[in-house]
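>>> Whatever this is, show me its structure:
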Amino acid sequence: MDDRRREFLDSLLTTPSPAAFEADVQRIWVDYVSEFADEVRTDEYGNAVAVVEGGDPTVAFSGHADEIGLMVNSVDEDGFVHPSRVGGSDRTVSKGQHVEIHTDDGVVRGVVGQTAIHLRDEEDEELEDVNEQHVDIGVETEAEARELVDVGDPITFDAPVRELSGTRMAARGMDNRVGIWVAAEAARRAAESDVDATVYAVSTIQEELGKQGAKMVGFDLPVDAAVAVDVTHAVDSPDLDDEEDEHGEVELGAGPVVSRGSSNHPEVVRAVREAAAEADLPVQLQASGRSTGTDADAFYTSQGGIPSLNLGLPNRYMHTPVEVIDTEDLDAAADLLAAFAEESAGRDGFSVDI
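Here you go, the predicted model:
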């Protein structure tokens, strides 16, 4: 990954974007795609769409801009902030973490309190739910706290981007800032190669709240196929080594993951796999017998059925502040989607042959 692409990725990862509060990261994404797209537009809720004009067919590459987080739910008489979940936040990783509360007047810093091990009852180590935890912002009264924060202010973990060995890195919000990076980069590479197909790059909102942005965009997105790029579980860490049979066989650094089954249209699956083979790009396969849990599940039932695919990006420790990815998987995914657009040029849709 060259310096400009890494700068874009870092900008996405360091910009807080909890579900329903995605505007700041969407501005960064829109600025980036505006450098090469023929048209860029946003809707009333902040979904963003960029178009690289070409011929037929028309394909969309989409990721979701939002991340999980917390939200100010109440303030007690001693000035402690009590949070609620935004999306699927994990109660097992929140305690003892630095957090940032994003207010209209700027960031208020705090910590999620954790009773010292010396003071805890060793026989009662049950984890509190998120709404039973508290954020300490350093004040002593409710009045002081309410001067700084309002109910409904979003909260994110203060977790920096960290370089690991080789091409691996850790950060919060990989889910799914890496997906919107791939969607933008695939469209840029398609534009640079002057592919004959028309490419839409899409950055949706509120996927973590039920794929709401994809439902909005899918209502009238004029495409022949849609690929939703999202993270998927890498199972090559010690905590999952013995559970491969249950969770699949996805590995970090082994390439993007093509899902098969459920919302994944067989002709789109076939076309993407053929593009990978033609371009000599690594891909992994994943079984999806019920649903993908991604925006692909919203796209494929839109407009009577948009042929769709979930393309996964291997991710360790999903929904924690220390998600780990391999940037080579991201580059391979962007190259794969650009190749898919090129190989699909002139194709008359993706309908199943009955």
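>>> got the CA positions of stretch 2-13 in CSV?
Included here for stretch 2-13 are C-alpha records, laid out as CSV according to Å, rounded to 0.1, in the frame of the first residue of the first chain:
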residue,chain,number,x,y,z
ASP,A,2,1.6,3.3,-1.1
ASP,A,3,1.7,6.4,1.2
ARG,A,4,-1.3,8.1,-0.3
ARG,A,5,-3.6,5.1,0.1
ARG,A,6,-2.2,4.5,3.7
GLU,A,7,-2.9,8.2,4.5
PHE,A,8,-6.5,7.7,3.4
LEU,A,9,-6.9,4.6,5.5
ASP,A,10,-5.4,6.2,8.6
SER,A,11,-7.7,9.2,8.2
LEU,A,12,-10.7,6.9,8.0
LEU,A,13,-9.6,4.9,11.1
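>>> Now do it: distance to the chain's middle.
In terms of CA atoms, centre = their mean, to the nearest Å, the centre of stretch 2-13 is set 15 Å apart from its chain centre.
>>> Where do the strands of the stretch 151-300 of the chain begin and end?
For the stretch 151-300 of the chain, the strands defined by DSSP state E, counting those that start in this stretch cover 154-157, 162-163, 168-171, 197-204, 225-233, 257-260, 284-287.
>>> Quick check, Gly349 in contact with Ala197.
No - with contact defined as CB atoms under 8 Å, Gly349 does not count as touching Ala197 (11.9 Å). Using the backbone N, CA and C atoms, a C-beta is placed for each residue, glycine as well.
>>> Which of these two has more residues huddled nearby?
Ala197 (23 against 12; other CB atoms under 10 Å).
>>> For that one, which residues are in contact?
By CB atoms under 8 Å, 6 or more residues apart in numbering, the contact list for Ala197 reads Gly54, Gly55, Asp56, Pro57, Thr58, Val59, Ala190, Ala341, Glu342, Ser344, Ala345, Arg347.
>>> With respect to Glu142, which of the strands of the stretch 151-300 of the chain lies nearest?
Within the strands of the stretch 151-300 of the chain, the stretch nearest Glu142 is strand 154-157; the backing value is 17.9 Å (CB to CB).
>>> returning to what we had before: what's the overlap in contacts for Gly349 and Ala197?
Pro57.
>>> Mind jotting down where the helices sit in the stretch 251-354 of the chain?
Secondary structure of the stretch 251-354 of the chain (DSSP state H, counting those that start in this stretch): helices located at 266-279, 296-299, 327-344.
>>> Run the angle between the last one and helix 266-279 for me.
Spelled out, that is helix 327-344. Counting by axes from the mean of the first three to the mean of the last three CA atoms, to 10 degrees, helix 327-344 points 110 degrees away from the direction of helix 266-279.
>>> now for helix 327-344, which elements pack on it?
helix 3-13, strand 55-64, helix 174-192, strand 197-204, strand 225-233, helix 266-279, strand 308-315 (3 or more CB pairs under 8 Å, 6 or more residues apart in numbering; DSSP states H and E).
>>> which one of the helices of the stretch 251-354 of the chain lies closest to Pro154?
Between Pro154 and the helices of the stretch 251-354 of the chain, the tightest spacing by CB to CB is seen for helix 296-299, at 22.9 Å.
>>> Let's have the helices of the stretch 251-354 of the chain in a markdown table, adding mean pLDDT and mean neighbour count.
Formatted as a markdown table, the entries for these read as follows, by pLDDT from 0 to 100; neighbours: other CB atoms under 10 Å:
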| stretch | mean pLDDT | mean neighbour count |
| --- | --- | --- |
| helix 266-279 | 98 | 18 |
| helix 296-299 | 97 | 27 |
| helix 327-344 | 98 | 24 |
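>>> Columns distance to Leu12 on top of the ones you listed, output as JSON lines?
Listed next are those as JSON lines, based on distance: least, CB to CB, whole Å:
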{"stretch": "helix 266-279", "distance to Leu12": "24"}
{"stretch": "helix 296-299", "distance to Leu12": "21"}
{"stretch": "helix 327-344", "distance to Leu12": "11"}
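>>> So which of those helices is nearest His98?
Using CB to CB as the measure, helix 327-344 is the one of the helices of the stretch 251-354 of the chain that comes nearest His98, at 25.4 Å.
>>> for stretch 52-64, the distance to its chain's centre please.
Centre-to-centre, stretch 52-64 and its host chain are 19 Å apart (CA atoms, centre = their mean).
>>> same thing with stretch 326-346?
18 Å.
>>> what do you get for stretch 283-293?
The chain centroid and the centroid of stretch 283-293 are separated by 17 Å under CA atoms, centre = their mean.
>>> Once you drop chain neighbours, what's closest to the residue nearest the centre of the chain?
With distances taken as CA atoms, centre = their mean, the chain has Asn176 as the residue nearest its mean C-alpha position (1.1 Å). Across the structure, with CB to CB, 6 or more residues apart in numbering as the measure, the residue nearest Asn176 apart from its sequence neighbours is His64 (4.8 Å).
>>> list the contacts for the one you found?
176, 179-180, 203-208, 213-214, 230, 295.
>>> check contacts around Val107.
Contact criterion CB under 8 Å, 6+ apart gives Glu100, Ile101 as the residues in contact with Val107.
>>> returning to what we had before: between the contacts of His64, which is nearest Glu126?
Using CB to CB, Glu208 is the member of those that sits closest to Glu126, with 26.0 Å.
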